[in-house]
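Trainee: Build me a model:
(chains A and B)
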Number of protein chains: 2
Amino acid sequence: MMDLKKLAKELNLSFSTVSKAPHDSHEISAATKRRVIAKAKEFNYQVNLLASSFRKQKSKTIALVIPEVVNDLFGPVINGIESVAHEKGYHFLIYMTHENLQKEISIFKLLQNGRVDGIMFSVSEQSSDITHIKELKKNGIPLMLFDRVIEQLHVNTVTTDNFAGGVLATEHLIEKGCKEIAFLSISKRASVSLGRMNGYKEALSRNAITHQEDMFIYCDGNDIYNRTLVRALPTRKNRPDRIFASVETLAILAYEVCNELRLIIPEHIKIIAVSSSYMAALLNPPLTAIVQPAYEMGKEAASMLINLVGKKGFYFKNQNTEIKSKLVMRESTK
Amino acid sequence: MMDLKKLAKELNLSFSTVSKAPHDSHEISAATKRRVIAKAKEFNYQVNLLASSFRKQKSKTIALVIPEVVNDLFGPVINGIESVAHEKGYHFLIYMTHENLQKEISIFKLLQNGRVDGIMFSVSEQSSDITHIKELKKNGIPLMLFDRVIEQLHVNTVTTDNFAGGVLATEHLIEKGCKEIAFLSISKRASVSLGRMNGYKEALSRNAITHQEDMFIYCDGNDIYNRTLVRALPTRKNRPDRIFASVETLAILAYEVCNELRLIIPEHIKIIAVSSSYMAALLNPPLTAIVQPAYEMGKEAASMLINLVGKKGFYFKNQNTEIKSKLVMRESTK
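Mentor: Got it, this is the predicted structure:
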């Protein structure tokens, strides 16, 4: 409310005129509408032109578009979203991209039809082309990103502090007296991987350790391809004595390869991973982890989105919530 | 088609008349409609009276109502459902009861409004009252149950062979030379628990072992309550040397209690569980499990439901698909 008042003052228009501008109101002229919207954009407001027509046929439904559900993160995220959706009387649709751009595009096409009031989205690894996302945004359907984000989209986001998590994990490994730290990444592009990779580099640099590019292992293929990459690590010349897995599935893969090659964790090789699994403590050996508060992320994302859906006409754009992750030390880095 | 033909012959009516009976057709009399429907019911057909009106405003949406998603079973189940839904062009809503009857009732009320074409449902532990489920069924919305079912509802089901799984797990433990087998159950009522408990009893009886009622531990409370129950096991007079956990979360709880009490698995106590987790093999020690094909269950449930949705007027009721589970031997029962 305060924001719209400022806008009205700036334009020398009444509050009532300004607040009607983004709606299908016939009480104000097209020229005034354009003036208000231009000024609003100048002030970094998002203008929800379709808001009023949407409101008439509100579906009370929010959608979640994620890569997959068999993942330590998205399970509790879904629980968190559902708890807020249920409380606020919203239905909750779920779509999976399976890290496939074509599937992602087809889901976004489906979502253009006004079936949902808003969308929470975690980008698939393949999303180099974002035309379909921009299209949806242009159509005025509230969209927010969580976990895996795309900065140039300028929408609200909920993330964890990937950079800080990367620093934390790497410094923990360095403290354990080691210099050859392999970083298992799921992607060359995904925001979460990049954040953690930059954190890794920062930690090395703080400790005057030279970064070697071949310590970045890009496990962005199928399971067989990734397994081959990880299997090759212990036999190569500059073989790493530590592994930092950027996602839990890659830690599981590293554990399996160590079992297979009879490498003992943590004696022969130490492993740390970003993992929110309730089972990490029971692994053999228990896995040291950077834990993301997944349930809270889901709750925050749903609250933010439902808040956006309820906004009339204008809302301030680029609200970013970063939720802190924490280090939980266990046997795998002892 | 063959079935409707038989029905027509039986009634001495034309195929066309019979097939129109359950629709809002004005071409046949109310009396004939009633006659056809009565005969159809006699032949054990389900009559979908609302089918035609639904078809006009088909939402192309199916809903899944489950207790929770942080569960080794429902993650892959969701993946399986989604793969079929996407292929057939259906949207996929998800609702969670959190094992709470009131929440379940409120979800079923929401679903009465024709928003969805069909519902897949896994009963919450508390569901002693099933009025809300019957209500929905009466309204003609195709409903099917999976995993946790209620027999007296007479709807289609997808389950695993809980009884056979119970026998398999218990006989595996008996083979390992033991007689004192505690059974950790999540519920006194749930179909999955009862099936596995009966399988357990059957295996004891086949091996001439007397069943002691106090070997059934009902972990149907909150985590603190359940933990207290499991913690009491090793100190009681007839302390069990084997544990059969009917669900994975209870195996995790048993592992945690053993860690805490410095009991070594499998030396001091052997543990087996029903578990579909991809992490079971990496637990400390690796967990022997009865594995349910969760992804296949999800696929089968969605295919069956979408098939039901597409049925015109009549469908044969009580189609039950039972998917086989299998024993995977690991260290925890060695």
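
Trainee: just the helices in the stretch 201-334 of chain A please.
Mentor: Per DSSP state H, counting those that start in this stretch, the stretch 201-334 of chain A carries helices over the ranges A:223-232, A:248-260, A:294-310.

Trainee: Ok, which of the ones you listed comes nearest chain B?
Mentor: Comparing these against chain B with CB to the nearest CB, the closest turns out to be helix A:248-260 (5.3 Å). (Each C-beta comes from the backbone N, C-alpha and C, glycine too.)

Trainee: The closest one close to chain B?
Mentor: Yes. For helix A:248-260 and chain B, the contact criterion (CB under 8 Å from any CB of the partner chain) is met by A:252, A:255-256.

Trainee: Now that helix: average pLDDT?
Mentor: Averaged over helix A:248-260, pLDDT sits at 92.

Trainee: So for it, what gets flagged as buried?
Mentor: Residues of helix A:248-260 classed as buried: A:248-255, A:257-258 (neighbour count, 16 or more other CB atoms under 10 Å in any protein chain shown).

Trainee: And stretch A:128-140, by the same measure?
Mentor: For stretch A:128-140, a neighbour-count test (16+ other CB under 10 Å) marks A:132-133, A:136-137, A:140 as buried.

Trainee: export these to CSV and tack on secondary structure?
Mentor: Below are the buried residues of stretch A:128-140 laid out as CSV (DSSP: H, G, I helix; E, B strand; the rest coil):
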residue, secondary structure
A:132, helix
A:133, helix
A:136, helix
A:137, helix
A:140, coil
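
Trainee: and these, which two are the farthest apart?
Mentor: Spanning the widest gap among these are A:132 and A:140, at 15.3 Å by CB to CB.

Trainee: Looking at chain A, which residue is nearest chain B?
Mentor: The minimum distance from chain A to chain B, using CB to the nearest CB, falls at residue A:284 (3.5 Å).

Trainee: hang on, isn't that residue packed against residue B:283?
Mentor: Yes. Taking contacts as CB atoms under 8 Å, residue A:284 lies within contact range of residue B:283: 6.3 Å.

Trainee: Between the two, which has more neighbouring residues?
Mentor: Neighbour count, other CB atoms under 10 Å in any protein chain shown: between residue A:284 and residue B:283, residue B:283 has more, with 26 against 17.

Trainee: Please name the residues that touch the nearest residue to that one once chain neighbours are set aside.
Mentor: Nearest residue to residue B:283, sequence neighbours excluded (CB to CB, 6 or more residues apart in numbering or on different chains): residue A:282, at 5.0 Å. Residue A:282 makes contacts with B:252, B:255-256, B:283-284, as judged by CB atoms under 8 Å, 6 or more residues apart in numbering or on different chains.

Trainee: now swap in residue A:330 and tell me
Mentor: Counting by CB under 8 Å, 6+ apart, residue A:330 touches A:280-281, A:285-289.

Trainee: The spatially closest residue to residue A:117 that is not a sequence neighbour: how many residues sit nearby?
Mentor: Spatial nearest neighbour of residue A:117, chain neighbours left out: residue A:309 (4.5 Å); criterion: CB to CB, 6+ apart. When neighbours are defined as other CB under 10 Å, residue A:309 has 24 of them.

Trainee: pretty sure residue A:309 is in contact with residue A:119, am I right?
Mentor: No. At 10.1 Å, residue A:309 does not count as touching residue A:119 under the criterion of CB under 8 Å.

Trainee: and the nearest residue to residue A:281 once chain neighbours are set aside, what pLDDT?
Mentor: Once flanking residues are discounted, residue A:281 sits nearest to residue A:330: 6.4 Å by CB to CB, 6+ apart. If you check residue A:330, the pLDDT there is 95.

Trainee: Find the nearest non-adjacent residue to residue A:115, please.
Mentor: Closest to residue A:115 by CB to CB, 6+ apart is residue A:59, at 5.9 Å.

Trainee: just residue A:225 next, same as before
Mentor: Once flanking residues are discounted, residue A:225 sits nearest to residue A:219: 7.8 Å by CB to CB, 6+ apart.

Trainee: Am I right that the one you found is in contact with residue A:183?
Mentor: No. Applying CB under 8 Å, one finds residue A:219 not in contact with residue A:183, separated by 10.3 Å.

Trainee: Point out the residues in the stretch 151-300 of chain A that sit beside chain B.
Mentor: Counting by CB under 8 Å from any CB, the residues of the stretch 151-300 of chain A close to chain B are A:252, A:255-256, A:277-279, A:281-286.

Trainee: and if we set it to 7 Å?
Mentor: Within the stretch 151-300 of chain A, the positions adjacent to chain B are A:252, A:255, A:279, A:282-286 by CB under 7 Å from any CB of the partner chain.

Trainee: how about the strands of chain A, start to end?
Mentor: Assigned strands in chain A, in chain order: A:45-47, A:61-66, A:91-96, A:118-121, A:143-146, A:156-160, A:181-185, A:216-218, A:242-245, A:270-274, A:288-291, A:314-316, A:320-323, A:326-328 (criterion: DSSP state E).

Trainee: in the sheet, who's paired with residue A:64?
Mentor: Beta-bridge partners for residue A:64, by DSSP bridges, are residue A:94, residue A:120.

Trainee: And residue A:13, how close does it get to residue A:173?
Mentor: Per CB to CB, to the nearest Å, residue A:13 is found 59 Å from residue A:173.

Trainee: what's the answer for residue A:88, then?
Mentor: Residue A:88 is 42 Å from residue A:173, where distance means CB to CB.

Trainee: Please identify which of those two sits among more neighbours.
Mentor: Ranked by neighbour count (other CB under 10 Å), residue A:88 and residue A:173 place residue A:173 first, with 23 against 15.
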